[in-house]
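> need a 3D model of the following:
(2 chains)
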Amino acid sequence: MSLCFKKKPPPAGKRQTAMTYSEINVLLVDDETIFRKNIIRLLQNKGFSPEEAADGSGCLAFLAQHAVDVVVLDVKLPDINGIEVLKRIRQRENPPQVILLTGQATTEGGVAGIKAGAFDYLSKPVDVAHLITKIIQAYDRILLIKEQQSRDAFRKQMEKRMQAAERLAALGTLAAGVGHEINNPLAIIGESAGWIRMLLAKSGGKDIPYRREMENALEKIEQSIDRARRITHQLLGLVRQQRSEHAAVDPAALIDEVIQLAQRLSQRKKVDIRRTALPAALKIDTDPFQLRQVLINLLTNAIDAAPVGGHVLIAVQHQAGEILLSVKDNGPGIPAEHRTKIFDPFFTTKGAGEGTGLGLFVSRRIVEHLGGRIDFETRLGAGTVFYVRLPAEANNNITGETAS
Amino acid sequence: MKTPVKVMLVDDEKDFVEMLALRLEESGKEVIPAFSGAECLEKLKTHHVDVVVLDIKMPGMDGMETLRELKQLFPLVQVIMLTGHGTIETAVEGMKMGAFDYILKPADFADLLEKLAQAKQSRDAQEERIRRAEHHALMVNSRKGGKNPFAL
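Sure thing, here's the model as predicted:
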């Protein structure tokens, strides 16, 4: 055999430069011990760390235990035919590339081998430089396949995410539709109950038997309407505005309005709500209705989370190209097992009829629609801060500088 | 004695109109029902109405179209829009087009009564201003010896 190992192997693929031969796991399978040892030594001289096997079953047993990139496989083996070994190797998950060694002047096994999925074949006697080139090419193929696989995995993940987003969007549309459709019968129930209440209150109604029981039942109807109304209004908040109208919003006025709206709730719980002083002339260019809804949701949650007599702090900062609104409570914090779920639709820790489980879900959709992000920091026993970050460059600006 | 507020309720949900009408009548209002935008405009030609309570979402001619025509044909009639939560923007648009106010559906009755009273007041004040202006115009014209513009 001619062994011309002095010649440097020609470059094979662009990855070669970054690669050392020792990182390629090579398995040499040949029953001729002298030949095998010889090749092993020559490969070692070139920086490879090849493993060896003397027969087909030895090869398969080794593969079952070790990660191998390239198998150099003799076609003529004492136990199992090389082509058969090749076929079994190809059945493995993430199979190594196989370079077949065929007898002199016979390409028959080689052709059959390539049909069975071999990377290539070499006929004996083996030129080691040639073999190394083939090994590197085979390894390149492995890298390529791996790259392809990770690309596929990434694409699949992206597709999955897209599907989830689409599903969520479809869910939003559906939810808004349901909200609308339920609102009308709800309004009729409300008016009818209100009418009955009026009739009972009339002078003639005072003598109606079971009047108090009826009023009690009306109370339940009205409470339930209120509960259902909260849900439909949240669902309708999902309706994506065809064009959300941006305006220069004064955050101080908006926050004060929201605090005002939540006053009944905060007074009942004796929660002290404050807002920090804001930079003068700070205006946010955003959709005031949508931002208001987000702030109402966050503030309501904060009041619910705060202990009786607790406090909530609302702050606005203009920093690093964004407007940062924060709503901070001194409640118990969000337990670890809830942290990944709080933005899910209908997830709530509040009692039946108290929370819709839609507040944060809707808020996140709105904030993202406004080009911002919503996130939170929480510490058990210390409280939670929700942050709403809105872009400052494209959609927001500080007015007041233009005053002439 | 104060004349009762004349309210036209416009909604394609007949049961809603019926029930709300009963409550409003019980509260001393005069109610004229209409179940579509077209019916609303038609009835306004023959009925004196102070305030129209107008549902934004209706099949056929929707609330906004109705509002636009109504304000052209009957600029003095006040309009309170009934809107779902997700359409507050539409309500704002409506107010820019001349609607007096809006209420969320399902409506809070006390809220509706208050807004009806305000709308009526606003309309009365407007009519009063017009009456005074007309009177003024009449005086000026008669002083000039001109023809009375209101004479037939």
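> just the element for A:Leu86, please.
Following DSSP states H and E, one finds A:Leu86 within helix A:82-90.
> counting neighbours, which bits of the helix or strand just after that helix end up buried?
Counting by DSSP H and E, the next helix or strand C-terminal to helix A:82-90 is strand A:97-102. Residues of strand A:97-102 classed as buried: A:Gln97, A:Val98, A:Ile99, A:Leu100, A:Leu101, A:Thr102 (neighbour count, 16 or more other Cβ atoms under 10 Å in any protein chain shown). C-betas here are computed from N, CA, C, even on glycine.
> next one: stretch B:22-34
B:Leu22, B:Arg23, B:Leu24, B:Lys29, B:Glu30, B:Val31, B:Ile32, B:Pro33, B:Ala34.
> nearest to B:Leu41, of the buried residues of strand A:97-102?
Lowest distance from B:Leu41 to these (Cβ to Cβ) belongs to A:Gln97, with 80.2 Å.
> is it true that the closest one touches A:Leu73?
No. A:Gln97 is beyond contact range of A:Leu73, at 10.4 Å (criterion: Cβ atoms under 8 Å).
> returning to what we had before: dump the buried residues of strand A:97-102 to TSV, plus pLDDT and distance to A:Asn183.
Shown next, in TSV, are those (pLDDT from 0 to 100; distance: Cβ to Cβ, whole Å):
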residue	pLDDT	distance to A:Asn183
A:Gln97	93	65
A:Val98	93	68
A:Ile99	92	72
A:Leu100	90	73
A:Leu101	89	78
A:Thr102	84	79
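> ok, so of those, who is nearest A:Ile273?
Closest approach between the buried residues of strand A:97-102 and A:Ile273, by Cβ to Cβ: A:Gln97, at 67.4 Å.
> interface residues of chain B facing chain A?
With the criterion set to Cβ under 8 Å from any Cβ of the partner chain, chain B comes near chain A through B:13, B:15-16, B:19-20, B:22-23, B:26, B:57, B:84-89, B:92, B:104-107, B:109.
> buried subset of these?
Neighbour-count burial (16+ other Cβ under 10 Å) is assigned, among the residues of chain B next to chain A, to B:13, B:16, B:19-20, B:22-23, B:57, B:84-89, B:92, B:104-107, B:109.
> okay, and which of those residues map to helices?
Counting by DSSP state H, the part of these found in helices is B:Phe16, B:Met19, B:Leu20, B:Leu22, B:Arg23, B:Ile88, B:Glu89, B:Val92, B:Phe109.
> quick check: closest non-adjacent residue to A:Phe361.
Spatial nearest neighbour of A:Phe361, excluding adjacent residues (Cβ to Cβ, 6 or more residues apart in numbering or on different chains): A:Pro345 at 4.4 Å.
> wait, that neighbour sits on A:Gly359?
No. Between A:Pro345 and A:Gly359 there is no contact under Cβ under 8 Å: 10.2 Å.
> what strand or helix carries the residue of the stretch 251-400 of chain A found nearest chain B?
Nearest to chain B in the stretch 251-400 of chain A, going by Cβ to the nearest Cβ, is A:Phe289, at a distance of 5.5 Å. Assigned by DSSP H and E, A:Phe289 belongs to helix A:288-305.
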